[in-house]
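K.L.:
Pasting the sequence and the predicted coordinates here, then a few questions.
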Amino acid sequence: MKKRLFIIFIAAIFVVGSVLAFTACNKVTPCAWVAFGNEGYIYYTADMYGDHIIYYEDETDAEGDTYHANYAISISFIPRILGKSERNGVVCTTVEVTNNNSMTVYINKGKSIYDPNKKVYLNGTALTPSRTNDNDTLLCLTFDISLERGNPGGKENDKLNIIEYK
């Protein structure tokens, strides 16, 4: 009798453990793949927080710019990015997608790309900033955004979100 109870106990532990392990493996962090669509030299960081996409007007501006001080445009995402990757031959950043995503775009007014009439676009749609900070050398725009998820239901698709400044 004790042997039978022991076997049932071990089997129950195995079943419960298997169910817990299976459900833990099914948790997928929702994410979106995002690329910058303007022509130029684009650097994607793998830093979870901070600058995620750095755009330089040319490679000369980017050379040796360890602290990203010579950028034309810098973009960061909240809550965070999960690294950089490549989708269909395009280098991009992987952004965690939650209910409250935001994107901050810093535009260096000393670079030729700056134009007060230009707007920031996401997937072809002009965005309206939720917050603007405009000073002599820098334009800082914050947007509440909704990115198209690249892994719905845990299965990757080919959706690439494109940001442009035009």
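P.N.:
Thanks, I have it. Here the structure is a predicted model, which is why all the values come from computation and not from measurement. Numbering: from 1, shown residues only.
K.L.:
how about Asp65, what does it touch?
P.N.:
Taking Cβ atoms under 8 Å, 6 or more residues apart in numbering as the contact definition, Asp65 lies against Tyr56, Tyr71. From N, CA and C alone the C-beta is placed, and that goes for glycine too.
K.L.:
go again using 6 Å as the cut-off
P.N.:
The neighbours of Asp65, taking Cβ atoms under 6 Å, 6 or more residues apart in numbering as the test, come to nothing; the list is empty.
K.L.:
Looks to me like it is in a strand.
P.N.:
No. Counting by DSSP: H, G, I helix; E, B strand; the rest coil, Asp65 is not found in a strand; it is coil.
K.L.:
Relative to Gly124, how far out is it?
P.N.:
30 Å (Cβ to Cβ, to the nearest Å).
K.L.:
can you check Lys118 too?
P.N.:
As defined by Cβ to Cβ, Lys118 lies at a distance of 15 Å from Gly124.
K.L.:
neighbour-wise, which of these two wins?
P.N.:
Between Lys118 and Gly124, counted using other Cβ atoms under 10 Å, the more crowded position is Lys118 (14 against 8).
K.L.:
if I've got this straight, that one is in a strand?
P.N.:
No. Under the criterion used here (three-state DSSP), Lys118 is coil, not part of a strand.
K.L.:
Could you tell me the per-residue confidence at Arg4?
P.N.:
At Arg4, the predicted lDDT confidence score is 60.
K.L.:
Tell me where the model's unsure across the protein.
P.N.:
1-26 (pLDDT under 70).
K.L.:
how about the helices in it?
P.N.:
With DSSP state H as the definition, the chain shows helices at residue ranges 2-25, 59-62.
K.L.:
neighbouring contacts of the last one?
P.N.:
The reference is to helix 59-62. Residues contacting helix 59-62 (Cβ under 6 Å, 6+ apart): Tyr41, Tyr56, Asn70.
K.L.:
Perfect, I'm done here.
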